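Q: Fold the following for me, if possible:
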Amino acid sequence: MSKFISEAKNKITGAYISVRAAAGRARNALTNRDGQGTLDIAVTVLVSIVLGALILAGLYLIVNSTVLPTITEKIKDMFNYSGTP
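A: Just a heads-up that it's a prediction; the model follows:
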C-alpha cells in the first residue's frame, strides 16, 4: 500500500509541476508584447487596398464614360470610310 501511495504522490507532484509550467507559459504568452507592430501593418495594408480599389473604380468610370465611346466612334468612322473627305 505504501508503494501505491508513493506512486500517487509522484503522479500528483508531476501533474502539479506540469500545470505550473503551463501557467507560466500562458502568463508569458499573454504579457509578450513582441507582435505589437503587426496590427499597425495590417491597418496600413487595409487602407492601401481600399485606396487602390477607389482609384481603380475612378479610372474604370473615366474610361467607360469618356475614352471608350470616343474610340468606338473613331473605329466606326474608319470602317465607314466612303472615299471622300
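
Q: CA only for contacts and neighbour counts going forward, please
A: Noted.

Q: and this protein, what are its domains?
A: 1-32, 37-85 (automatic domain parsing).

Q: Mean confidence (pLDDT) on the longest one, please.
A: By that I understand domain 37-85. The average of the pLDDT scores along domain 37-85 is 85.

Q: Glu7: neighbouring residues, count only.
A: 12 (other C-alpha atoms under 10 Å).

Q: So for it, what pLDDT did the model give?
A: For Glu7, pLDDT reads 84.

Q: Now do it against Arg25, distance only.
A: 27 Å (C-alpha to C-alpha, to the nearest Å).

Q: and Arg20, what element?
A: helix 2-31 (DSSP states H and E).

Q: Run a quick neighbour tally on Val63.
A: 13.

Q: Number the residues from 46 up from this point.
A: Will do, 46 is the new start, and the previous item becomes Val108.

Q: Could you grab the helix/strand/coil label for it?
A: helix (DSSP: H, G, I helix; E, B strand; the rest coil).
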